[in-house]
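> whatever this is, show me its structure:
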Amino acid sequence: MRKKTNCQVLALILILAVFMLSGCQEDTQEQAIGEVNGDIITQKQFDQHYRMVLSWYQQTYGEVDEKNDQELVANLKDSSFQDLVVQKLILQESERRGIEADLEQVEQDLEAIRAQRDQLEENGYQKFLDENGFDEEFLKQEWITQNLFVQLQDEVTSDIVVTEEEAQNYYEENKTVFQHPAGKEIYHILVEDQEKANEVLKQLNEGKSFGELAAQYSIDPGSKSRGGDVGLVNEDTNFVEPFKKAALELSPGTLLTTPVESEFGFHIIKAGQQLDEGVWPYSKVQDDIEASLLRYKQEESFNQFLEDLQAKAEIKDFRKS
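Numbering: from 1, shown residues only. Next up, the predicted model:
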């Protein structure tokens, strides 16, 4: 048998080093950096979630220099770790209560992200993953946790209500919030194309309810649940020009007989009253007040619920050991 030359020995050492380094990187990624009631938080989970938090922060407040902004980076990393602690608690509590993620909805949400990114640029979704250091499993788990978060919050806060007295008191104490400028009440139903607009208009002419048709057909999420109500419109309103021009030309109480096209689709427009500057009556804003107070009470109650879960949990942060 021939002896190995120095070059062959060196090549063998280099190959072994590559395999060992690769194995070390994988081990490091799976290394536990924390525990929540025995459930491990890995370095990989932390790194990807931190990059998501950092990306959100930079989109909201501007670029972060990770070398010079060390205190900020430390705070963002602590926040990321805290997020993962809460995620573990949500997963554990959901399992204890028998709450399961709606995986079909999760896939629909992820598919919407894929389609949106790929529409912006070729292979946009894959570039989004690569640029941020994400993998699909990470994104899926984030969406699963969010889905469980919503279901758990609904269950925990299901008995919370807002009384008529609470809503009335809020209105009386905050009337300045409900001041409005002069303008015309405007309602619309937004649809994708001319054919659908003509179909809806035909039903309106046959006596169908504008509010019901808005709820059924409108693709404007902000107004469809309010019967198509987009609020008061005047010359200062920041709406697309074709829509605003048609709305302001309508006489109070009339329906535009020809749908108006804008960059968002086709609008079927109805005008309500012409109002002077003033304060909305309680009856007009009651539903909004009750919905807003309910959201506030639910969020406050659920945050306290999560704080209680965390206070009882056994949490370990190995980053600081």
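> quick one: stretch 206-220 to chain centroid distance?
Put simply, stretch 206-220 sits 26 Å off its chain's centre (C-alpha atoms, centre = their mean, to the nearest Å).
> gap between the two ends of that stretch?
23 Å (C-alpha to C-alpha, to the nearest Å).
> so what sits opposite the residue nearest to D317 when sequence neighbours are not counted in the bridge?
Leaving aside its chain neighbours, D317 sits nearest to G34 (5.1 Å; criterion: C-beta to C-beta, 6 or more residues apart in numbering). No exception for glycine: its C-beta is placed from N, CA and C like everyone else's. As for beta bridges, G34 partners with I41, D317 under DSSP bridges.
> just checking, G34 touches I315?
Yes: here G34 reaches I315: they are 7.3 Å apart, a contact under C-beta atoms under 8 Å.
> give me the common contacts of these two.
Residues touching both G34 and I315 (C-beta atoms under 8 Å, 6 or more residues apart in numbering): V85.
> more neighbours, those two?
Higher neighbour count among G34 and I315: G34, with 21 against 16, using other C-beta atoms under 10 Å.
> show the pLDDT at F81.
Note on F81: pLDDT of 97.
> the helix or strand in which F128 is found: what's the following helix or strand?
Taking DSSP states H and E as the definition, one finds F128 inside helix 124-132. Downstream of helix 124-132, the next assigned helix or strand under DSSP H and E is helix 136-156.
> all strands of the stretch 151-300 of the chain, in order?
For the stretch 151-300 of the chain, strands defined by DSSP state E, counting those that start in this stretch occupy the ranges 179-180, 183-191, 229-233, 260-262, 265-275, 278-279.
> list of residues touching stretch 69-77?
Residues contacting stretch 69-77 (C-beta under 8 Å, 6+ apart): Y50, V53, L54, Y57, V64, E66.
> check which helices and strands the longest helix along the chain sits against.
The single longest helix within the chain, with elements called by DSSP state H, is helix 282-312. Contacts defined by 3 or more C-beta pairs under 8 Å, 6 or more residues apart in numbering; DSSP states H and E place helix 282-312 against helix 70-97, helix 136-156, helix 164-173.
> list the contacts of E307.
With contacts defined as C-beta under 8 Å, 6+ apart, E307 is in contact with no residue.
> going forward, the N-terminal residue is numbered 48.
OK, 48 is where the count begins now, so the last one is E354.
> distance of it from S348?
Distance from E354 to S348, counting by C-beta to C-beta, to the nearest Å: 11 Å.
> give the burial count for L136, as a bare number.
The tally of other residues near L136 (other C-beta under 10 Å) stands at 21.
> tell me the contacts of it?
Here L136 is in contact with V83, N84, L353, L356, Q357, A360 (C-beta under 8 Å, 6+ apart).
> I'd say the fourth one and S141 touch.
This points to L356. No: checked against C-beta under 8 Å, the pair L356 and S141 is beyond contact range at 11.4 Å.
> need the nearest residue in space to S348, chain neighbours excluded.
Spatially, and ignoring its direct neighbours in sequence, S348 is nearest to T204 (5.2 Å; C-beta to C-beta, 6+ apart).
> angles on the backbone of the one you found, please.
Phi and psi for T204, reported as degrees, to the nearest 10, are phi -110, psi 20.
> ok, back up a step: just flag the most distant two among the contacts of L136.
Greatest spacing in these, by C-beta to C-beta: N84 and L353 (14.0 Å).
> neighbour count: the two, which is higher?
Taking other C-beta under 10 Å, N84 and L353 do not tie; L353 has more neighbours (18 against 13).
> who touches the helix or strand hosting E158?
Element membership of E158, judged by DSSP H and E, is helix 150-167. For helix 150-167, contacts defined as C-beta under 8 Å, 6+ apart pick out G171, Y172, K174, F175, E183, L186, K187, W190, I191, N194.
> which of those residues are buried?
Neighbour counting with 16 or more other C-beta atoms under 10 Å marks G171, Y172, F175, L186, K187, W190, I191, N194 as buried within the contacts of helix 150-167.
> turn the residues you listed into CSV, columns for distance to R161 and pLDDT.
Converted to CSV, these look like this (distance: C-beta to C-beta, whole Å; pLDDT from 0 to 100):
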residue, distance to R161, pLDDT
G171, 9, 89
Y172, 5, 91
F175, 9, 87
L186, 10, 91
K187, 12, 94
W190, 12, 95
I191, 16, 96
N194, 17, 96
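> out of these, who's nearest H314?
Nearest to H314 among those, with distances taken as C-beta to C-beta, is G171, at 30.1 Å.
> can you point out the buried residues in stretch 151-170?
Using 16+ other C-beta under 10 Å as the test for burial, stretch 151-170 gives V153, D156, L157, R161, R164.
> show the pLDDT at the first one.
Read that as V153. Reported pLDDT for V153: 94.
> now it. Nearest residue, chain neighbours left out?
Nearest non-adjacent residue to V153, counting by C-beta to C-beta, 6+ apart: W190, 4.7 Å away.
> what's the answer for K222, then?
Leaving aside its sequence neighbours, K222 sits nearest to V326 (C-beta to C-beta, 6+ apart; 5.6 Å).
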